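**Student:** Give the three-dimensional model of this entry:
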Amino acid sequence: MNKTLIIGIFGILISTLILSACTTQKQQIPNGAVFQFETYGGFTVQERAKQVIVISDEKITYLVYSSDNKLTETYQKKILPEEYEYLLKLFNDKNFLDMNDKYSPPQVTVTDVGNAKLAVNFGNTSKIVTLEPYFLEYYPDNVRLVFEAMQSYVNTIYDLPEAELKMIAEEWIINAPTYAYDGEELLFKEMTALETYPVTYLAQYSFRSAGYGDRSKIASVQLTTDHEIVIAINKGKVVGAIIDGKWNEFKQEMWEVTLKFEPLQCIKTPWRKWYESGNIQFIKEPREEELVISYYGQVYGITVQNFKLVSGDSTIILCGNPESYYYTADVLVPDKEKMLTLGWKDT
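**Tutor:** Sure, this is the predicted structure:
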């Protein structure tokens, strides 16, 4: 066999191998691709007829549309690089680009479930897979897994890592009037999550200051004292802040207010009438404070604290006259108006 023929045969073999490799290599979703997941239809409130999650390599965007396609809610948060890389690998491992454009099980009827659409966009390429209905147990495992991964971002869209929650809380605290005026020694204590949807986080901190709010117009100098502040964060924003359980830093007003009750001679107080009516039982004769707390708590759902007896001016003993003493107690600001209708007064 001559040399020219051998070279020609090798050339054909190499070309065949290269062509074979090119034809068998599957297209991969590249880094930088954008994932978009939509759920729509089915039984839902009109204001949340369509929910959309858009995930890029930098952020997660959540969009909610009404039944007439008006945007009713939008929210964004960062995505960790490892989260995006996991999503990219999952879609490639499960061969998303090779999936059918639509899955709809034959002879299956599911009501009120709705539908789902999942798209991946990169360059000039857009691959869309639709599920009608969106009921994952009907579909192949690879389809189910990529849809479940995207659904998890909808379910946890308002969840934030502790580091980001602390950053939100601390930035808010140091710029709020109390700490901005003379606050110091800000110290993180605890983070808890309430079982609400969307989830509300409570971030507890301690710090030192000489009082509450902006005191720039107060001339007197006071010593700083220890305080505790609880910050409520919902959807990535601060929605409440209470210092020492009494000062509403968010609204710049006392969270608790002190009121007074002036008994009249020969007339029983409302809590005494309630006790003597026999509707309440105590193991032993209750103190006045215990009775007041029980009465307003059980009858009106109002929390009463720091109940005190205060000596007043002496009066002529005559039925209907004010007694020579009065009571004070602290209640939450939202309960103030109700307490005023029940005979209490501003101090």
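**Student:** Now do the helix or strand where residue 73 lies: which elements does it pack against?
**Tutor:** Using DSSP states H and E, residue 73 sits within strand 71-78. Strand 71-78 sits against strand 59-65, with contacts defined as 3 or more CB pairs under 8 Å, 6 or more residues apart in numbering; DSSP states H and E. Any C-beta I mention is one placed from the backbone N, CA and C, and that applies to glycine too.
**Student:** What strands flank the strand it packs on, and is each parallel or antiparallel?
**Tutor:** Strand 59-65 sits in its sheet next to strand 50-55 (antiparallel), strand 71-78 (antiparallel), going by DSSP bridges.
**Student:** thinking again about what came up before, which residues sit against the strand holding residue 73?
**Tutor:** Residues from elsewhere that reach strand 71-78 (CB atoms under 8 Å, 6 or more residues apart in numbering): 47-48, 58-66, 157-158, 160, 164, 235-236.
**Student:** Need the buried ones from the residues you listed selected in ChimeraX.
**Tutor:** Command for ChimeraX that selects the buried part of the contacts of strand 71-78, burial taken from 16 or more other CB atoms under 10 Å:
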select :60,61,62,63,64,65,157,158,160,236
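**Student:** picking that back up, next secondary structure after the strand holding residue 73?
**Tutor:** With DSSP H and E setting the assignment, the helix or strand that follows strand 71-78 is helix 81-93.
**Student:** Could you tell me the angle between that next one and strand 50-55?
**Tutor:** Angle of helix 81-93 versus strand 50-55, following axes from the mean of the first three to the mean of the last three CA atoms, to 10 degrees, is 100 degrees.
**Student:** how about a markdown table for the strands paired with strand 59-65, with mean pLDDT added?
**Tutor:** A markdown table is the format used below for the strands paired with strand 59-65 (pLDDT from 0 to 100):
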| stretch | mean pLDDT |
| --- | --- |
| strand 50-55 | 96 |
| strand 71-78 | 93 |
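**Student:** Mean neighbour count, those: which tops it?
**Tutor:** strand 50-55 (a mean of 20; mean count of other CB atoms under 10 Å).
**Student:** so how far is that strand from its chain's centroid?
**Tutor:** Centre-to-centre, strand 50-55 and its host chain are 18 Å apart (CA atoms, centre = their mean, to the nearest Å).
**Student:** How about exporting that strand as CSV, limited to the C-alpha atoms?
**Tutor:** Written as CSV, here are the backbone C-alpha positions of strand 50-55 (Å, rounded to 0.1, in the frame of the first residue of the first chain):
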residue,chain,number,x,y,z
LYS,A,50,-50.0,34.9,37.3
GLN,A,51,-46.7,34.6,39.3
VAL,A,52,-43.3,34.9,37.6
ILE,A,53,-39.8,34.2,38.8
VAL,A,54,-36.9,35.4,36.7
ILE,A,55,-33.4,34.2,37.7
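**Student:** What's opposite the nearest residue to residue 225 once chain neighbours are set aside in the beta bridge?
**Tutor:** Of all residues not flanking residue 225 in the chain, residue 208 sits nearest, at 6.6 Å (CB to CB, 6 or more residues apart in numbering). Taking DSSP bridges as the rule, residue 208 bridges to residue 184, residue 226.
**Student:** which residues touch residue 208?
**Tutor:** Residues in contact with residue 208, defined by CB under 8 Å, 6+ apart, are 183-185, 224-227.
**Student:** ok, now how distant is it from residue 186?
**Tutor:** To residue 186, residue 208 is 9 Å away according to CB to CB, to the nearest Å.
**Student:** can you check residue 125 too?
**Tutor:** 49 Å.
**Student:** Have a look at the two and say which one is more surrounded.
**Tutor:** residue 186 (15 against 12; other CB atoms under 10 Å).
**Student:** Verify the stated contact: the more buried one with residue 169.
**Tutor:** No: if you go by CB atoms under 8 Å, residue 186 and residue 169 don't touch, sitting 9.8 Å apart.
**Student:** where do the contact lists of these two overlap?
**Tutor:** What both residue 186 and residue 169 touch, as defined by CB under 8 Å, 6+ apart, is the set residue 205.
**Student:** separation between residue 80 and residue 116?
**Tutor:** For residue 80, the distance to residue 116 - CB to CB - is 25 Å.
**Student:** Between the two, point out the one with more neighbours.
**Tutor:** The neighbour count for residue 80 versus residue 116, taken as other CB under 10 Å, is higher for residue 116 (24 against 9).
**Student:** Per-residue pLDDT of that one, please?
**Tutor:** Note for residue 116: predicted pLDDT of 96.
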